[in-house]
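> would you be able to build a 3D model of this:
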Amino acid sequence: MASGPDMEDQALPESSATCKSSEDTITDEHVCKSELSNGSSEGGQTGSDKEQVDIKIVYNKSKFDVKVSLDDTGASLKSLIHTLTGVPPAMQKVMYKGLLREDQTLREMKVTSGAKIMVVGSTLNDVLAVNTPKESSPEASRSEEPKKEPLCQQKLHRKVLDKGKPDDIMVGIIGMKERLPTVPLSGMFNKSGGKVRLTFKLEQDQLWIGTKERTEKIPMGSIKNIVSEPIEEHDGYQMMAFQLGPTEASYYWVYWVPAQYVDAIKDTVLGKWQYF
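Numbering: from 1, shown residues only. Sure, this is the predicted structure:
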């Protein structure tokens, strides 16, 4: 019996996902299935003919098991992640063997069954909650202004900065933004005055902070914030702190960071959503 034209010719949506929580077995883990279909194409290929793989999407403490087509692009995957996590695509940092490229297909990225996709980012509500200024009276604001002191003038930092610029520090360039170099940033000081180097391991989504004594391997997603400020009378260099815990007491200070890499460091560690 022939089907009516209204039902036969109607195409399914390009992408849909259903998700349910596996509460009886794994806490904070969701099992999802993405069903992709483009309907009947000119060559007769349907969504069921496409090669699909099972991948795991990890966001904070949540894990999503998803079936996707290898012909999907990075942009399509970000849309699916938006559906699952609530993080808009423009505010996502998606990691699979480095930063995800939106214009490539999963096949071109060599995604295989069982691959783990790491996601870092915040929802719009999270960003608005952080950036919403607290109400204060004009009088209170004026009274606080004189108390502000440049970080480089504070006693905590002066004892390191007074040692002078390291001889082997990389050249700093003011007024320029560059990508992170392929080699570690080295020759800088920490708050103890010891030499420190920063290595950005994108495939592991880790920041390695190395000193003469040891190397700390820190997941980028655990870094809460980064603050930086130019060093007075030393154009081209800044001091920078990585917040490793819930309060400012957890700041890890690094001095003599070349200014041209400051924005690239923040973008790599925090993700573009930090600048929304």
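> tell me the bridge partners for V68.
V53 (DSSP bridges).
> and for it, the neighbour number?
Per other C-beta atoms under 10 Å, the neighbour tally for V68 reads 26. In this view, the C-beta of every residue, glycine as well, is placed from N, C-alpha and C.
> is it true that it touches T105?
No - if you go by C-beta atoms under 8 Å, V68 and T105 don't touch, sitting 10.5 Å apart.
> so which residues of the stretch 51-200 of the chain form helices?
Assigned by DSSP state H, counting those that start in this stretch, the helices in the stretch 51-200 of the chain fall at 74-85, 124-131, 138-144, 155-161.
> and the second one, what's buried?
In this case it means helix 124-131. Residues V127 are the ones in helix 124-131 that count as buried (16 or more other C-beta atoms under 10 Å).
> and for stretch 225-236?
N225, I226, S228, P230, I231, H234, G236.
> and what of stretch 179-187?
Buried residues in stretch 179-187 (16+ other C-beta under 10 Å): L180, L185, G187.
> okay, who's weakest in those by pLDDT?
On pLDDT alone, L180 ranks lowest of the buried residues of stretch 179-187, at 86.
> picking up where we left off before, and the helices of the stretch 51-200 of the chain, which is most packed in?
Stretch with highest mean neighbour count among the helices of the stretch 51-200 of the chain: helix 74-85 (a mean of 19; mean count of other C-beta atoms under 10 Å).
> for the nearest residue to K110 once chain neighbours are set aside, what are its contacts?
Leaving aside its sequence neighbours, K110 sits nearest to K97 (C-beta to C-beta, 6 or more residues apart in numbering; 7.4 Å). K97 is in contact with M109, K110, E203, counting by C-beta atoms under 8 Å, 6 or more residues apart in numbering.
> from S192, how far out is the last one?
According to C-beta to C-beta, to the nearest Å, E203 stands 30 Å off from S192.
> burial count for the closest residue to P230 other than its chain neighbours?
Once flanking residues are discounted, P230 sits nearest to Q238: 5.2 Å by C-beta to C-beta, 6+ apart. Look at Q238: counted by other C-beta under 10 Å, it has 23 neighbours.
> write down the beta-bridge partners of Q238, one by one.
P230, V257.
> list the contacts of it.
Neighbours of Q238 in contact, by C-beta under 8 Å, 6+ apart: S228, E229, P230, I231, V257, A259, V262.
> do you know how far it is from Q52?
Taking C-beta to C-beta, one finds Q238 at 47 Å from Q52.
> same check on M239?
Distance from M239 to Q52, by C-beta to C-beta: 49 Å.
> more neighbours: which of these two?
Set side by side, M239 and Q52 show more neighbours around M239, with 24 against 20, by other C-beta under 10 Å.
> how about that one, what does it touch?
L151, C152, H157, L161, S228, E229, I231, W253, V254, Y255, W256, V257.
> distance from stretch 95-102 to the middle of the chain?
11 Å (C-alpha atoms, centre = their mean, to the nearest Å).
> which parts of it are buried?
So, applying 16+ other C-beta under 10 Å, buried residues of stretch 95-102: M95, Y96, L100.
> for D267, state which of those residues is nearest.
M95 (13.5 Å; C-beta to C-beta).
> report the contact partners of the closest residue to the closest one other than its chain neighbours.
Leaving aside its sequence neighbours, M95 sits nearest to M118 (C-beta to C-beta, 6+ apart; 4.1 Å). Residues in contact with M118 (C-beta under 8 Å, 6+ apart) are V58, V94, M95, Y96, D205, G221.
> beta partners of the closest residue to the last one other than its chain neighbours?
Okay, so that is G221. Excluding its sequence neighbours, the residue lying closest to G221 (C-beta to C-beta, 6+ apart) is V120, at 4.8 Å. Counting by DSSP bridges, V120 is bridged to K93.
> burial count for V120?
V120, neighbours per other C-beta under 10 Å, totals 23.
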